[in-house]
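Asks: following is a predicted model, sequence given first.
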Amino acid sequence: MDRRSFLSAGGFSLTAAFLAACSIDRSPRAQRLLDLAEKKNEGVERSLFHHSAMNSAKSGAKIAGAAFPSYFISKTVPVWDEKVHGPWALEVSGAVNNPVKLTLEDLRKLPFRSQRVDHFCVEGWNAVAVWQGVRLSDIARVVGVAPDAAYVDFQSFDDGYHESWDLDSAMHPQTLVVIAMDGNLLGMAHGAPARVHSPVKLGYKNTKYLTKIVFLPKRNGGYWSDQGYEWYGGT
């Protein structure tokens, strides 16, 4: 059963039956109903979110390894070209007191974490990997997030791909800026030299090929969010 049929048959949201026909109804009324459904669903997701709730892959689940799916929007695998762009560094800016640029060496000097967790895809599959990196909350302490910051935008060099998050999800203990996967530095197919990863968000929210983290007082969109995917994207 595909996603649209599931929503229609199960009455999964306020406008489930209507959503089944949304591909042929592009009226302002249709958009209002879709916006209402997303707002209500986000309210439910936010109410279920807790900083103390941790994901841990089942003990019997195998590491996906080479079978872990790769995805990007560029025509070919994005590769950081130092000859064109200079040495890679992660810019952290926006509503912060101390904007910084962090090299891979800078990231390694921060408290390093390793977690064996699920990666949940909006298409319905999940895969297990061991991710190593730095908690975004630790980076937030370095830059001193301003009181009015409520959102975070993760930007990449993958043809301008970006996705924004709510600050609570970004500060979850399992939200990492990752530089290694399964004990090795990230490969090109999985977001090298750094990416964001957290089991609290669906895969498309986990921006790869990171270049910037921007703390924001107001919400903005994202590559898939602007095309109709749910903005919150929580698991």
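Replies: Looks like it arrived, so ask away. In this text the structure is predicted, and so the values were computed from the model without any measurement.

Asks: show me this protein divided up by domain.
Replies: 1-48, 59-227 (automatic domain parsing).

Asks: hey, what's the nearest residue to Asp118 once chain neighbours are set aside bridged with?
Replies: Nearest residue to Asp118, sequence neighbours excluded (Cβ to Cβ, 6 or more residues apart in numbering): Asn126, at 4.8 Å. C-beta coordinates here come from the backbone N, C-alpha and C atoms, glycine included. For Asn126, the beta-bridge partners are Phe120 (DSSP bridges).

Asks: can you redo the domains of the chain as TSV with distance to Thr235?
Replies: Below are the domains of the chain laid out as TSV (distance: least, Cβ to Cβ, whole Å):
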stretch	distance to Thr235
domain 1-48	9
domain 59-227	5
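
Asks: quick revisit: residues contacting the residue nearest to Asp118?
Replies: Under the criterion of Cβ atoms under 8 Å, 6 or more residues apart in numbering, the neighbours of Asn126 are 118-120.

Asks: show me what counts as buried in stretch 27-34.
Replies: 30, 33-34 (16 or more other Cβ atoms under 10 Å).

Asks: one step back: which stretch among the domains of the chain comes nearest Gly234?
Replies: Closest to Gly234 of those, according to Cβ to Cβ: domain 1-48, at 4.2 Å.

Asks: for that closest one, give the mean pLDDT please.
Replies: Averaging pLDDT along domain 1-48 gives 63.

Asks: quick check, Lys40 in a helix?
Replies: Yes - secondary structure of Lys40 (DSSP: H, G, I helix; E, B strand; the rest coil): part of a helix.

Asks: how much space separates it from Leu185?
Replies: Using Cβ to Cβ, to the nearest Å, Lys40 is found at 42 Å from Leu185.

Asks: before we move on, the earlier item: so which of the domains of the chain has the densest surroundings on average?
Replies: Among those, the stretch with the highest mean neighbour count (mean count of other Cβ atoms under 10 Å) is domain 59-227, at a mean of 17.
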